[in-house]
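Undergrad: sharing a model that was predicted from the sequence below.
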Amino acid sequence: MKKSIYLFFLFVSSLPVFAQSTGVLAPLNLDFEKTEKGTARGWYNFGGEDYKMALDSANSISGQYSATIEFKGGSTGFNSWGYTLPDNYPGKKITLSGFIRTENVTEGYAGLWMRIDPSIGFDNMSKVGIKGTTGWAKYEITLDMNPQKTKAIVVGGLLVGKGKMWLDNLSVSIDGKDIKNVKPLVKKLLPADLDTQFNKGSGINEFQAGKQQLENLKQLGLIWGFLKYHHPNIAKGNYNWDYELFRILPKILVSDDTKKRDELFVSWIQGLGDYKENNKKTNTSDDVILKPDLDWIANSGFSENLQVLLQKVKNAERENEHYYIGMEEGIGNPDFRNEHLYPSMPYPDNGFRILALFRYWNMIHYFFPYKHLTDKNWNQVLPEYLPVFINASTELEYEKAMLKLIAEVHDTHANLWGAADKIDQWKGKFYPPVHVRFIEDKLVVTDYYNPELQDRTGLAIGDVITKINGRSIQEMIEEKSPYFPASNKPTQLRNMSIDLLRSNSRTIEIAIIGKDEKEKNIPLNLYPRDSLNIYSWYKKSDSKSFKILDNNIGYVTLQTIKEDDIQHIKKEFKDTKGIIIDIRNYPATFVPFSLGSYFTSMLKPFVKFSTGSMKNPGEFTINKVLKIPGFGKSYDGKLVVLVNEQTQSQAEYTAMAFRAGKNTTIIGSTTAGADGNVSSIPLPGGLKSMISGIGVYYPDGKETQRVGIIPDLEVKPTIKGIRENRDELMEKAIELISGP
């Protein structure tokens, strides 16, 4: 599993949902006293494997046991205890409290955590986490509730980084009332929830995928996904659509001609039951920017009966509620609901691997706002990847197939974010002690993760690495590119640079060119990730987010900005000659409106969005232009905004807001080209991915996806500048403000 606390936010959303509730109060095991098979009943853990999870009978607040998490050496990350409450409850506020004790917690923190899914509320004490060595003390966190939309409430404790923590005597209250005294809401289970036939496997054994079988599978993938998002009875939760695939799949595989196959499809669709047809015309207004791509219904050579049935389903009357898909309220990005991860089978069998391909392909086909921007026609991707997934003979090959498929959408938000441990091992468990970047299309040493290792590396800042173990950097880029999803080449190289020097050997040989311009070979020692300050390096920044530079120029980094800083910036910078805002990072606080309004005196358009449709899957509609509010008097000086390939998502959106200012210049280079709220995609084998869930456009309709924020003035770092420890973008920004 990836060793990052970021994954904690992603993984938790896939934890178990409520069991069927009878309205009877369920006994909880929040004090760890009920045990079975050496652990606390009802509790589970997830996170890095370099943590020991245990019950402790020698240290507890009361009763016999407390729960512990202890870093045992290796790669730091996090691990956590989790407990899914068995029921949903009415109320406005839910509070989790519990006792924690810590010992030598460093490079992170200990804390309670609680999440209400889907994406209703989350807190893990990340801003007030417990560090160092502390005695038993009580802590609590509180979230707003939304019982009508809640699918799961999960509570627990976590340890990030090194050290040890104890957790005991948790309690939950709702609106100040102990949960033991709150009557749960009754949840009605649907047929899709009750179908468990294939929980232990699809039963699809090895098969020969000949030309006819592959053609049949392609048509099955198209029809299965179409029905999933269009048929009203599937929307009602009447069918576990994953398992319906496994019921029809063996029959389709043995169909040796198209006539027999189409008859199977017709019988299958007719068996799904009746529904109402929609007599209203499909939305064809000017606001529709993308229309559904359903030409395959007429162009696939299907029988007339099958085409008529598919067209009828296309014209069905669809409601705003759907078992498998929803749109996030107030935002519009897709919420892929009730999609199971099947984590107990990290190497999915034949049927589940085909399911993974079908699920992902159809999610993109109907709900990815940028499908039209992929390099390949998306319709070609499904048949191309069928043999890849069928022939993935190991867990690693499956993960690589999934990663390669994800890379086809060219979205920097898209990647494998959870449980891809074989990919992580494939990249290498040992890391270089230096940070490298692509500068002037060359792999350049830019910093040391641990300054004390500097003399041991044999490397100087600005050295160019030309070969790794005898292979050219260009050769390695070409080999690895299919496995590094990104919206554009600079961002792909950004991501790749982190992993190029990784290896499962402790030493690699590299060829470098230093200041003397002579190439030489040297050994480079690699280290376990937990012995390097990689995470701390990425967080390098002054603790204060703003300061006055020489020549009366204000400087702001969004990496550490706080909401309270904004009023001080406006007050202290009002008489400066200009302001530099550095967004070569990810903003710590959302500031497009609170700070963006400082640079315009009137309402100024800066962005518009496209969102998908549940009633007409595959359709995307442009919404109204969003404007930055102005307050009459704006900042009079020049504003220079710094961006590069590190500027991604919210950072790009923020740059768009600043661009609306009356005297703004954006300088730097291509940004990550992945804006818009993300949607999580669960995949078989416990894997998780994401996509940009809404389309982001300039007011004039120009794309931002893959393109990024195009600077007004392109300025890139040079190898010479790196060697001289200069920030050439900052120098140019100061020059622009200081000049006439």
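TA: That came in fine, so what should we check first?

Undergrad: which strands and helices sit next to the top strand by length along the chain?
TA: If you go by DSSP state E, the chain has its longest strand at strand 93-117. Applying 3 or more C-beta pairs under 8 Å, 6 or more residues apart in numbering; DSSP states H and E, one finds that strand 93-117 contacts strand 121-123, strand 130-144, strand 152-174. Glycine gets a C-beta too; all of them are placed from N, C-alpha and C.

Undergrad: got CSV for the ones you listed, with mean pLDDT and mean neighbour count too?
TA: Shown next, in CSV, are the helices and strands packed on strand 93-117 (pLDDT from 0 to 100; neighbours: other C-beta atoms under 10 Å):
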stretch, mean pLDDT, mean neighbour count
strand 121-123, 92, 18
strand 130-144, 96, 14
strand 152-174, 95, 23
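
Undergrad: can the ones you listed go into JSON lines with extra columns for distance to Leu185?
TA: Putting the helices and strands packed on strand 93-117 into JSON lines (distance: least, C-beta to C-beta, whole Å) gives the following:
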{"stretch": "strand 121-123", "distance to Leu185": "17"}
{"stretch": "strand 130-144", "distance to Leu185": "17"}
{"stretch": "strand 152-174", "distance to Leu185": "11"}
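
Undergrad: quick check: buried residues in the longest strand of the chain?
TA: Buried residues in strand 93-117, counting neighbours by 16 or more other C-beta atoms under 10 Å, are found at 94-102, 105, 108-117.

Undergrad: shouldn't Asp56 be in contact with Lys164?
TA: No. Applying C-beta atoms under 8 Å as the test, Asp56 and Lys164 come out as separate, 9.8 Å apart.

Undergrad: and for those two, which residues touch both?
TA: Shared contacts of Asp56 and Lys164, defined by C-beta atoms under 8 Å, 6 or more residues apart in numbering, comprise Thr68.

Undergrad: quick one: closest of the helices and strands packed on strand 93-117 to Glu206.
TA: Closest to Glu206 of the helices and strands packed on strand 93-117, according to C-beta to C-beta: strand 152-174, at 36.4 Å.

Undergrad: paired strands for that closest one, with orientation please.
TA: Strand pairing for strand 152-174, determined by DSSP bridges: strand 66-71 (antiparallel), strand 78-84 (antiparallel), strand 93-117 (antiparallel), strand 177-178 (antiparallel).

Undergrad: quick one on the thing from earlier: so for the longest strand of the chain, mean pLDDT?
TA: In this model, strand 93-117 carries a mean pLDDT of 95.

Undergrad: same question, stretch 661-673
TA: 96.

Undergrad: for it, the distance to its chain's centre please.
TA: 25 Å (C-alpha atoms, centre = their mean, to the nearest Å).

Undergrad: one step back: now render the strands paired with strand 152-174 as a markdown table, adding distance to Ile581.
TA: Putting those into a markdown table (distance: least, C-beta to C-beta, whole Å) gives the following:
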| stretch | distance to Ile581 |
| --- | --- |
| strand 66-71 | 38 |
| strand 78-84 | 32 |
| strand 93-117 | 29 |
| strand 177-178 | 47 |
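
Undergrad: which one of those lies closest to Leu453?
TA: Closest of the strands paired with strand 152-174 to Leu453 is strand 93-117, at 16.8 Å (criterion: C-beta to C-beta).

Undergrad: and the angle for that closest one with strand 130-144?
TA: 90 degrees (axes from the mean of the first three to the mean of the last three C-alpha atoms, to 10 degrees).

Undergrad: which helix or strand lies directly C-terminal to the longest helix along the chain?
TA: For the chain, the helix with the greatest residue count under DSSP state H is helix 211-230. Moving toward the C-terminus from helix 211-230, the next helix or strand (DSSP states H and E) is helix 232-235.

Undergrad: ok, and what's touching that following helix?
TA: Contacts with helix 232-235, where a contact means C-beta under 8 Å, 6+ apart, come from 227-228, 239, 241, 272-273, 275-276, 316-319, 321-324.

Undergrad: strand partners of the helix or strand hosting Ile289, parallel vs antiparallel please.
TA: Assigned by DSSP H and E, Ile289 falls within strand 288-290. The pairing partners recorded for strand 288-290 under DSSP bridges are strand 620-622 (antiparallel).

Undergrad: which of the residues in the strand it pairs with are buried?
TA: Buried, per 16+ other C-beta under 10 Å, within strand 620-622: Phe620, Thr621, Ile622.

Undergrad: one more: stretch 49-63?
TA: Buried residues in stretch 49-63, counting neighbours by 16+ other C-beta under 10 Å, are found at Asp50, Tyr51, Met53, Leu55, Asp56, Ser60, Ile61.

Undergrad: what does the model give the third one for pLDDT?
TA: If I follow you right, that is Met53. pLDDT, Met53: 93.

Undergrad: quick check: beta-bridge partners of it?
TA: Bridge pairing for Met53 - DSSP bridges - gives Ile69.

Undergrad: what about it, distance to Ser173?
TA: The spacing between Met53 and Ser173, counted by C-beta to C-beta, to the nearest Å, is 26 Å.

Undergrad: correct me, but Gly225 touches Tyr360?
TA: No. Using C-beta under 8 Å, Gly225 makes no contact with Tyr360, being 9.9 Å away.

Undergrad: those two: which has the busier surroundings?
TA: Just comparing Gly225 and Tyr360: by other C-beta atoms under 10 Å the higher neighbour count belongs to Tyr360, 26 against 23.

Undergrad: got the CA positions of the helix or strand containing the more buried one in PDB?
TA: Using DSSP H and E, the element containing Tyr360 is helix 350-367. Only the C-alpha atoms of helix 350-367 are listed here, as PDB (Å, rounded to 0.1, in the frame of the first residue of the first chain):
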ATOM      1  CA  ASN A 350     -11.000 -13.700 -14.600                       C
ATOM      2  CA  GLY A 351     -14.600 -12.500 -14.100                       C
ATOM      3  CA  PHE A 352     -13.600  -9.800 -11.600                       C
ATOM      4  CA  ARG A 353     -10.800  -8.600 -13.900                       C
ATOM      5  CA  ILE A 354     -13.200  -8.200 -16.800                       C
ATOM      6  CA  LEU A 355     -15.600  -6.400 -14.300                       C
ATOM      7  CA  ALA A 356     -12.800  -4.000 -13.400                       C
ATOM      8  CA  LEU A 357     -12.300  -3.100 -17.100                       C
ATOM      9  CA  PHE A 358     -16.000  -2.800 -17.800                       C
ATOM     10  CA  ARG A 359     -16.600  -0.700 -14.700                       C
ATOM     11  CA  TYR A 360     -13.800   1.800 -15.300                       C
ATOM     12  CA  TRP A 361     -14.400   2.100 -19.100                       C
ATOM     13  CA  ASN A 362     -18.100   2.900 -18.700                       C
ATOM     14  CA  MET A 363     -17.600   5.300 -15.800                       C
ATOM     15  CA  ILE A 364     -15.300   7.300 -18.200                       C
ATOM     16  CA  HIS A 365     -17.600   6.800 -21.100                       C
ATOM     17  CA  TYR A 366     -20.600   8.300 -19.400                       C
ATOM     18  CA  PHE A 367     -19.300  10.500 -16.600                       C
END
